[in-house]
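Undergrad: what follows is a predicted protein model with its sequence.
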Amino acid sequence: MLEYQVHTLKNGIRVLYQHHPSAISHCCMLINAGGRDEEPAEDGLAHFIEHLLFKATEKRNTAQILNRLEVVGADLNAYTTKEYTCIHASFLREYLGRTMDLFEDIIFHSTFPADELEKERSVVLDEIASYLDQPEEAIQDDFECMLFKDHPLGNNILGTPESVNKLNRQHISHFLQANYNTSEIIFAVSSSDDFKKVVKLAEKYFGEVRANNSLKKRIKPQDNVKAVLDVVQKPIAQTHCVIGSQAYPSSHSYKSGLLLVNNLLGGMGMSSRLNLEIREKYGIAYTIESNYTPLTDTGIFSIYFGTDAEKAEKAQKLVQRELRKLKEQKLGTVQLHQAKQKFNGQIALAEENRISLIISMAKSLLDFNYVDSLEEVFAKVNAVTAEEVLEISNYIFDNSRMTSLLFEPKE
């Protein structure tokens with residue numbers, strides 16, 4: 001059973017606790033603020049702020065922030081997505097208070113001094129340049145830009161050199177006030193410490209944080225209703241391709257079904273249909289995979305592969321053939337059972353990654369105010385029928401609404 005407890009502080013911050021008997025504890029601060037919450041011309045702001053949180057606070061400089069946990073052998077990191085900002089750490093259990101103290105300091109007392117702003121701006125610009133040198137990464141972001149044209153979900157998390165160069169302290173202050181809503185912040189911890197101790201520490205370190213109840217102004221993207229194809233020539237050695245469409249949001253009843261279909265088609269492991277057909281049988285692509293990312297009001301489904309230019313057309317035809325099979329041929333009883341068995345096993349194994357698990361639990365609490373047990377997750381997967389798989393496939397893989405993007409080598 002995935003048992004957990006929740007305590008809500010008077011400012012709205014929720015404390016999510018899961019007991020785990022280990023000398024190592026894991027925690028995260030999950031904030032419901034990401035790239036889609038940026039104003040026009042502020043692309044990259046949420047990610048820029050995430051970087052700057054580690055630079056200076058009212059009582060610590062950069063070295064003191066970075067050494068606060070690393071000096072005791074802990075791991076501290078952060079990331080930004082379209083919808084979230086996450087700070088997370090893993091550490092020996094006796095340093096939970098030290099970790100919470102640091103989290104409170106960097107999230108609620110960062111000062112964003114001008115010199116650190118300029119230094120980190122340079123770092124982010126280098127990160128953008130590095131990403132542009134990796135076509136397998138760049139094509140995913142360009143694909144999402146096509147999928148969510150003229151909507152913040154289509155913007156690159158990193159921003160552009162032009163947008164990042166314009167970001168200033170006023171932008172930062174406005175974003176924090178508008179989006180760091182205390183009732184939409186989760187502090188989650190997996191620890192062998194008891195719940196009462198965790199709550200006591202949370203009250204000590206987070207209890208006096210001033211409440212912020214700003215209302216989120218997220219706009220749902222328009223549905224993509226027609227097929228779009230774009231081919232871009234670049235100074236690269238391979239052809240890279242992404243095919244996909246908008247998909248179900250995280251609250252949709254078919255989410256578990258599409259997760260299952262995605263895993264069967266091109267998910268983890270070497271036995272996915274796309275890998276067996278295109279890599280193993282024909283030796284065409286080193287990397288071929290599919291991915292489904294559910295968001296609060298939409299979702300993203302995509303298939304990616306990279307191959308030699310002369311093999312790209314055949315690879316695309318083979319991908320379409322696999323999609324047609326799922327659209328036209330209902331899975332047999334044995335096929336469906338095996339797909340569920342494989343997926344459930346992978347879900348169970350993923351729970352061994354404690355930091356990923358506690359972050360996933362925090363996301364679930366933030367989005368649904370509830371966390372499914374492992375048994376409940378299995379039950380949802382096992383409830384998927386062959387008829388649902390057929391219906392999901394015909395909707396998601398409908399050629400009339402599929403978006404395709406190719407990066408081709410310049411001749």
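TA: Done, it's in.
Undergrad: contacts, neighbours, all on C-alpha from now
TA: Fine.
Undergrad: domains in the protein, as residue ranges please.
TA: Using automatic domain parsing, the domain ranges for the chain come out as 5-206, 228-409.
Undergrad: outside of stretch 270-280, which residues touch it?
TA: For stretch 270-280, the surrounding residues in contact (CA atoms under 8 Å, 6 or more residues apart in numbering) are 263-266, 284-289, 315, 318-319, 322.
Undergrad: mind checking which of those residues are buried?
TA: Neighbour-count burial (16 or more other CA atoms under 10 Å) applied to those gives 263-266, 284-285, 288-289, 315, 318-319.
Undergrad: counting only strands, which of these make the cut?
TA: Counting by DSSP state E, these place 285, 288-289 in strands.
Undergrad: any chance of those residues in CSV, plus pLDDT and distance to Val6?
TA: Output for these, formatted as CSV (pLDDT from 0 to 100; distance: CA to CA, whole Å):
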residue, pLDDT, distance to Val6
Ala285, 90, 46
Ile288, 94, 40
Glu289, 96, 37
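Undergrad: looking at these, which is nearest Gly244?
TA: Glu289 (11.7 Å; CA to CA).
Undergrad: give the buried residues for stretch 390-399.
TA: Quick answer for stretch 390-399 (16+ other CA under 10 Å): 390-394, 396-399.
Undergrad: check stretch 208-219 too.
TA: Buried residues in stretch 208-219, defined by neighbour count with 16+ other CA under 10 Å: 209, 211-213.
Undergrad: could you do stretch 4-20 as well?
TA: Across stretch 4-20, burial judged by 16+ other CA under 10 Å covers 4, 6-20.
Undergrad: the stretch 101-250 of the chain: helices as residue ranges?
TA: Remark: helices assigned in the stretch 101-250 of the chain by DSSP state H, counting those that start in this stretch are 114-132, 135-147, 161-166, 169-179, 195-206.
Undergrad: a markdown table for those helices, including distance to Lys55, mean neighbour count and mean pLDDT?
TA: Listed next are those as a markdown table, based on distance: least, CA to CA, whole Å; neighbours: other CA atoms under 10 Å; pLDDT from 0 to 100:
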| stretch | distance to Lys55 | mean neighbour count | mean pLDDT |
| --- | --- | --- | --- |
| helix 114-132 | 7 | 15 | 94 |
| helix 135-147 | 27 | 19 | 95 |
| helix 161-166 | 17 | 16 | 96 |
| helix 169-179 | 14 | 15 | 96 |
| helix 195-206 | 20 | 18 | 98 |
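Undergrad: could I get these as a markdown table with distance to Thr57?
TA: Listed next are the helices of the stretch 101-250 of the chain as a markdown table, based on distance: least, CA to CA, whole Å:
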| stretch | distance to Thr57 |
| --- | --- |
| helix 114-132 | 11 |
| helix 135-147 | 32 |
| helix 161-166 | 22 |
| helix 169-179 | 14 |
| helix 195-206 | 15 |
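Undergrad: Ile243 is nearest to which of those helices?
TA: Comparing the helices of the stretch 101-250 of the chain by CA to CA, helix 135-147 comes nearest, at 8.2 Å.
Undergrad: that closest one versus helix 114-132: what angle between them?
TA: Here helix 135-147 points in a direction 100 degrees away from that of helix 114-132 (axes from the mean of the first three to the mean of the last three CA atoms, to 10 degrees).
Undergrad: give me the contact list for helix 135-147.
TA: Under the contact criterion CA under 8 Å, 6+ apart, helix 135-147 has outside partners 131-132, 153-156, 224, 236, 240-242, 245-246, 306, 403-407.
Undergrad: follow-up on the earlier one: next, give me the two most distant ones among the contacts of stretch 270-280.
TA: Using CA to CA, the two most remote members of these are Asn263 and Ile284, lying 20.5 Å apart.
Undergrad: distance of Thr8 relative to Ser25?
TA: Separation of Thr8 from Ser25 (CA to CA, to the nearest Å) stands at 21 Å.
Undergrad: likewise Ser400?
TA: Counting by CA to CA, the separation of Ser400 from Ser25 is 49 Å.
Undergrad: those two: who's more crowded?
TA: Per other CA atoms under 10 Å, whichever of Ser400 and Ser25 has more neighbours is Ser25, with 24 against 12.
Undergrad: residue contacts, the spatially closest residue to the more buried one that is not a sequence neighbour?
TA: Of all residues not flanking Ser25 in the chain, Ser191 sits nearest, at 4.6 Å (CA to CA, 6 or more residues apart in numbering). Going by CA under 8 Å, 6+ apart, Ser191 touches 17-22, 24-26, 93.
Undergrad: and Ser191, bridged to which residues?
TA: Ser191 has these beta-bridge partners by DSSP bridges: His19.
Undergrad: same question for Arg14.
TA: Thr8, Ile186.
Undergrad: report pLDDT for it.
TA: Looking at Arg14, its pLDDT is 98.
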